[in-house]
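[1] Just to be clear, the model below is a prediction. Sequence and coordinates:
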2 protein chains.
Amino acid sequence: MGKITMADVAKKAGVSKSTVSQFLNKRYEYMREDTRKRIEAAIEELHYQPNYLARSLKQKRTSTVGIIVANIMHRFSTEVSRSIEDFFNKHDIHTIVCNADNDPEKEKKYIEMLRAKQVDGLIIFPTGENFDLYKRMMKEGYPIVFMDRKVPDLIAPSVVSNNIEATKTTIEHFMENGHKQIAIATEPLTISTRVERQEGYKKALQDNGIEIRQPFMISANIKKIKKELEELFALDDPPSAILAGNDLVFLEVLEFAKEHKLKVGKDFALAVFDNIPFAHLVHPPVTTIAQPSYHMGEKASELLLKQINKEEIENHELTFPCELIIRDSSKELNNNTVI
Amino acid sequence: MGKITMADVAKKAGVSKSTVSQFLNKRYEYMREDTRKRIEAAIEELHYQPNYLARSLKQKRTSTVGIIVANIMHRFSTEVSRSIEDFFNKHDIHTIVCNADNDPEKEKKYIEMLRAKQVDGLIIFPTGENFDLYKRMMKEGYPIVFMDRKVPDLIAPSVVSNNIEATKTTIEHFMENGHKQIAIATEPLTISTRVERQEGYKKALQDNGIEIRQPFMISANIKKIKKELEELFALDDPPSAILAGNDLVFLEVLEFAKEHKLKVGKDFALAVFDNIPFAHLVHPPVTTIAQPSYHMGEKASELLLKQINKEEIENHELTFPCELIIRDSSKELNNNTVI
DNA sequence: TTGTAAGCGTTATCAT
DNA sequence: ATGATAACGCTTACAA
């Protein structure tokens, strides 16, 4: 085991623990060349590895931050996490990723666990259900940044995308391609992101004088999406276009289509939030709404790091624009198609 | 900050630190009901959170294990990590995932970092390049399990899949469907997994009296795969079937096909190692070789936990069988197709 | 049933 | 230039 401690190195090198500590922290200024060499040699020989636990305990910093993602299965979460990791890597800060699985209890448990481990700050994709906990952490001045979702009534550093506008643009793009019967499918409206996407949808219809109809707005658990779609398509006037609220919903839509022998681009048009790695590779290629995940992660990291370093932070809610990447799936219906 | 310490709780409750410690560790046996209540109240009121760092330092256990994946972008890595997390969750052990990006330097850095953090054990998807380090850890008796890849000349607890047989089966499946010109594309042959898959490929050809030809065995960096495929398909007798060595290679094959207006199932047959979440949703549905990622993760976790608990472990190399999931993409060529 | 005190492996302050 | 010593917040004998 990592039995070798600083004391062993000190003894071997014939110096005191403090000197070894100096060495490890690169405070060579007042150190004689030869003692430095001796310490170096001793460390090498003993394969000494410093114990961060002890160091962190003493320093009251772990040089570690935590990320609590809502659901690791989303491409967006992975991309953002990766970006955060890259950022902190440059600053010699470690990152621990936890998956709350959209479960407030799990979220709470992970927040407590990470704080017990004394991580220096937290980036959270909030479930929104642990309001008091969020609030208390903020009051304590604990560094924290919210990602992707806004927490109602909580003024806090957060990084989100412009869901309303992005959705509105997409729906209007459908309209420009002749679609009037447009549906939207999201997971349940428990978090701001989904609410806003539905809001953008409604706004687009209103602004264009199209009636808003309940059955055209699906918001259901991922496992119930297909059933809802069945009901939707059983209507007298089924939709000619669907916006899938995220990548997992998208897969459900594809499965639904397959099971019912409906063809994307022929029987209904389709667009989807999030990056789909194979979107451009299928027929028809799929229109996507890309969130700038890398930049969002970077900015969130920056906001967190500033708090950790006790710097003031300016902005309290940063909104990033999405990019609508138009491909064939969302255009006018035709027969030249086969997903 | 987490300024509140055990001493504060003790003072508030009018007891000593040790009593609080007893309480926290649920040793109520000799504790009077009312002192328990008082401590409970004090903790609640102060929002006390124990400091794991201090506890771990004292106990010499962190109740945390590390996973070092080779490349987090592979579906297989995610699945295995998830499985490991689930397992250790049940045992109240935390999991930290690091991504070595197939870079031996990064791998080394992460191993050292995690050990410095005193994690109780490591599950590694080894790059294979840090032989001495692996060896030293094993000699120290540090709990470790290798995943997915074998390290040459190292006898160590490892969990792998039967790449040779699985590949052979797949290639023979191609043959049964009339294919004779069969190619395989993998990333460079730097790790056992890829070597074995190529080996299985060769074996299948040999056993069936088909000549092995260099140009039909692509092993190149992911970014060069497409170029190699171009050369391959420029041959007088291009392949009629391709096995993609993993999910990322698969995407490259699809891109290549798209760029050259080749259709899967019509111009060439296709099968791929790893789970592809949308494999069954495209046309033609894609044949996949599924590794039992969940079980592999579970078994690796079990082997690690046993080592952590100083139990002897029986087996030194566990091989799991893959499942060939046959879909249309790998059958006889026809015109009814369109990926 | 609860308290005292030593110690886990570092760092930091102050001597020397 | 280097060393003694006291923390950091917890656990754990052992004492009371």
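    Structure's in. What do you need? This structure is a prediction, so every number in the text was calculated from the model and none was measured. Numbering: from 1, shown residues only, chains lettered A, B, ... in the order given.
[2] got the phi/psi numbers for whichever residue of the stretch 101-250 of chain A sits closest to chain B?
    The stretch 101-250 of chain A approaches chain B most closely through residue A:116 (4.4 Å), counting by CB to the nearest CB. Bear in mind the C-beta positions are built from the backbone N, C-alpha and C, glycine included. Dihedral angles phi and psi of residue A:116 (degrees, to the nearest 10) take the values phi -60, psi -30.
[3] Without its sequence neighbours, what residue ends up closest to it?
    Of all residues not flanking residue A:116 in the chain, residue B:52 sits nearest, at 4.4 Å (CB to CB, 6 or more residues apart in numbering or on different chains).
[4] list the contacts for the residue of the stretch 101-250 of chain A closest to chain B?
    Residue A:116 makes contact with B:49-52, according to CB atoms under 8 Å, 6 or more residues apart in numbering or on different chains.
[5] rerun that using 6 Å as the cut-off
    Applying CB atoms under 6 Å, 6 or more residues apart in numbering or on different chains to residue A:116 gives the contacts B:49-50, B:52.
[6] Dihedrals phi and psi, the residue nearest to residue A:116?
    phi -60, psi -30.
[7] Report how many residues lie close to it.
    20 (other CB atoms under 10 Å in any protein chain shown).
[8] Does it touch residue A:119 like I think?
    No - using CB atoms under 6 Å, residue B:52 makes no contact with residue A:119, being 10.4 Å away.
[9] Low-confidence stretches in the stretch 201-339 of chain A?
    Counting by pLDDT under 70, the stretch 201-339 of chain A has low-confidence residues at A:335-339.
[10] Pull the contacting residues for residue A:254.
    residue B:281.
[11] number of nearby residues for the residue in the stretch 101-250 of chain A positioned nearest to DNA strand C?
    Among all residues of the stretch 101-250 of chain A, residue A:118 sits closest to DNA strand C, at 12.7 Å; criterion: CB to the nearest atom of the strand. Residues near residue A:118, counting by other CB under 10 Å, number 20.
[12] got the phi/psi numbers for it?
    phi 60, psi 30.
[13] Test for you: state the pLDDT assigned to it.
    Looking at residue A:118, its pLDDT is 96.
[14] hang on, the earlier thing: just the contacts of residue A:116 that are near DNA strand D?
    Among the contacts of residue A:116, proximity to DNA strand D is found for residue B:50 (CB under 7 Å from any atom of the strand).
[15] would you turn the contacts of residue A:116 into CSV with pLDDT?
    Below are those laid out as CSV (pLDDT from 0 to 100):
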residue, pLDDT
B:49, 93
B:50, 95
B:52, 96
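[16] which of the contacts of residue A:116 lies closest to DNA strand C?
    residue B:52 (12.2 Å).
[17] Just to be sure, residue A:65 is in a strand?
    Yes - counting by DSSP: H, G, I helix; E, B strand; the rest coil, residue A:65 is found in a strand.
[18] what's the residue lying closest to it once chain neighbours are set aside sitting at in phi/psi?
    In space, and not counting its chain neighbours, residue A:65 is closest to residue A:121: 4.8 Å by CB to CB, 6+ apart. Backbone torsions for residue A:121, taken as degrees, to the nearest 10, come to phi -180, psi 170.
[19] Which residues lie in contact with residue A:121 in this structure?
    Shown in contact with residue A:121 (CB under 6 Å, 6+ apart): A:65, A:143, A:304, A:308.
[20] can you tell me which of the residues you listed are in strands?
    residue A:65 (DSSP state E).
[21] Out of the contacts of residue A:121, which is nearest to residue B:169?
    For those, the residue nearest residue B:169 by CB to CB is residue A:65; the value is 45.5 Å.
[22] and the closest one, how many neighbours?
    Applying other CB under 10 Å, we find 26 residues neighbouring residue A:65.
[23] One more: residue A:44?
    Neighbours around residue A:44, by other CB under 10 Å: 10.
[24] go on, the one 5 residues further on?
    Counted with other CB under 10 Å, the burial measure for residue A:49 works out to 15 neighbours.
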